[in-house]
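K.L.:
Task: produce atomic coordinates for the following.
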Amino acid sequence: MKTSKLSASAVLGLGMLLGAGMAAAQVPDSASDCVACHNENGVSDDPAVPIIAGNAAFFIENQLAMFAQEARPCEADYFASKDDVSAESHCTIVADLSEDDYADIAAYFEELPFVPADQEFDADLASQGESIHTKSCDRCHTEAGSLAFDEAGILAGQWKEYLTEQIGYYKTGKRWQPEKMAPEIEELSDADVEALVNFYAREGSRFE
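P.N.:
Numbers count the residues shown, from 1 in each chain. From the prediction side, this is the model:
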C-alpha cells in the first residue's frame, strides 16, 4: 500500500517544474481528456475540479471504475459548461478506456507531487473542523488527511468547493461510499461540513 505525505520540498520542486512549463513525465494518450481539466501536472486551478496529483494509483483507478459504473455523478453539466472540453462527461470518457488505460492514467498522476490549492480559509471554522476530523475521519484519513492511501484520497489542501460538493453527494446517496464511512457522513450537518473543509484548507496551507 502506498503512503505519501505532502512536503515543503515536494511543493518547491513542483513549483520549479511549473515555472519551466514542464510535466514530470510524458502524458499517456489515454489521459488526454483528463488533463483538459486536471492539467498535465494533475493540479487543478478550478475549485470545482479536484487535485489528483500524488494520490495512490489504486485510488485513482478506483475512481475511474466508479465513473464507468456510474457509482458517482458523471458531471455532465460541468462538462457542458466548458467550451474547451470536448468530452460529454466523466462516464463517457471512461467508457472508451481499457483496464490498461486505467493503470497508465493512475500511474502517471500518482508520480506527480500533490500541490495544495491556493485558497483562503476561516481559522475559527478550521479549529472546529479539526475536532470533527479527529472524531469522524482520522481513522482512515490520517495525518490530517495529508496521506495518500490506496482507498483514501488526499484531503489536506484539496479544493473546499469540490470537497463540499462530494460530501453532499455522499449524504444524498449520489456517490458510492464504503460502509464504514456512511455513519460518519450521515452525522455531519451543513455547519460541520463547512468547518471540515476549512480545516483541510488550513492543513494544506501548512505545506506551502
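
K.L.:
center of this structure - which residue?
P.N.:
residue 50 (4.2 Å; CA atoms, centre = their mean).

K.L.:
May I ask which helix or strand encompasses residue 59?
P.N.:
Here residue 59, judged by DSSP states H and E, is contained in helix 57-68.

K.L.:
Dump that helix to CSV, keeping only the CA atoms.
P.N.:
C-alpha atoms of helix 57-68 as CSV (Å, rounded to 0.1, in the frame of the first residue of the first chain):
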residue,chain,number,x,y,z
ALA,A,57,-2.7,4.7,-8.2
PHE,A,58,-5.2,2.3,-6.7
PHE,A,59,-7.4,5.2,-5.5
ILE,A,60,-7.3,6.8,-9.0
GLU,A,61,-8.1,3.6,-10.8
ASN,A,62,-11.0,3.0,-8.4
GLN,A,63,-12.5,6.4,-9.2
LEU,A,64,-12.3,5.6,-12.9
ALA,A,65,-14.1,2.3,-12.3
MET,A,66,-16.7,4.1,-10.3
PHE,A,67,-17.4,6.5,-13.2
ALA,A,68,-17.6,3.5,-15.5
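
K.L.:
Against which helices or strands is that helix packed?
P.N.:
Counting contacts by 3 or more CB pairs under 8 Å, 6 or more residues apart in numbering; DSSP states H and E, helix 57-68 packs against helix 90-95, helix 99-110. For every residue, glycine as well, the C-beta is placed using N, CA and C.

K.L.:
so can I have a markdown table of the ones you listed showing mean neighbour count and mean pLDDT?
P.N.:
Below are the helices and strands packed on helix 57-68 laid out as a markdown table (neighbours: other CB atoms under 10 Å; pLDDT from 0 to 100):
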| stretch | mean neighbour count | mean pLDDT |
| --- | --- | --- |
| helix 90-95 | 19 | 96 |
| helix 99-110 | 19 | 97 |
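
K.L.:
can you tell me which of these comes nearest to residue 177?
P.N.:
helix 90-95 (17.2 Å; CB to CB).

K.L.:
Contacts for the closest one, please.
P.N.:
Contacts to helix 90-95, defined as CB atoms under 8 Å, 6 or more residues apart in numbering, come from residues 33-34, 64-65, 67-68, 70, 74-76, 79, 87, 102.

K.L.:
and that helix, how far from the chain's centre?
P.N.:
Computed by CA atoms, centre = their mean, to the nearest Å, the chain-centroid distance of helix 90-95 equals 18 Å.
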